[in-house]
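[1] Here is my input; please provide its structure:
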Amino acid sequence: MIDNKKELLTLPLQERKELASDLIDSILADETEPISDWKKQLIQERIQYHNEHPGNGTKWNELKKKYGR
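    Purely as a prediction, here's the structure:
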């Protein structure tokens, strides 16, 4: 563990937010696994379907309203 943890906790709010964001980004970078071939294929199929049928689907605001988020 780092020695200056108490000092870091006394940083101004904005600096603590930036530090927290940087830490989360570094954790996610370490945990990120390569995308499997079947997932890449699925993504490509969905993109192709969307390009061929751009009017299909539901708008994000409608989904949020429907599912309460």
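[2] who touches the helix or strand containing K40?
    Assigned by DSSP states H and E, K40 belongs to helix 37-52. Residues from elsewhere that reach helix 37-52 (C-beta atoms under 8 Å, 6 or more residues apart in numbering): 35, 56-57. Placement of C-beta: from N, CA and C, glycine included.
[3] got the residues you listed as a markdown table, with distance to E15, neighbour count and secondary structure columns?
    As requested, those are arranged in a markdown table below (distance: C-beta to C-beta, whole Å; neighbours: other C-beta atoms under 10 Å; DSSP: H, G, I helix; E, B strand; the rest coil):
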| residue | distance to E15 | neighbour count | secondary structure |
| --- | --- | --- | --- |
| I35 | 34 | 10 | coil |
| N56 | 45 | 8 | coil |
| G57 | 41 | 11 | coil |
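[4] out of the residues you listed, which one sits closest to K6?
    Nearest to K6 among the contacts of helix 37-52, counting by C-beta to C-beta, is I35 at 40.3 Å.
[5] how many neighbours does R16 have?
    13 (other C-beta atoms under 10 Å).
[6] Tell me who's in contact with it.
    8-9.
[7] Can you give me the separation between it and E52?
    47 Å (C-beta to C-beta, to the nearest Å).
[8] Equivalent analysis for T10, please.
    Distance from T10 to E52, by C-beta to C-beta: 56 Å.
[9] now K39
    The separation that K39 has from E52, given C-beta to C-beta, amounts to 21 Å.
[10] And K5, by the same measure?
    Distance from K5 to E52, counting by C-beta to C-beta: 54 Å.
[11] what's the answer for K66, then?
    25 Å.
[12] Over to D37?
    22 Å.
[13] L8 against D22, yeah?
    No. In this structure, L8 is not within contact of D22 by C-beta atoms under 8 Å, at 11.7 Å.
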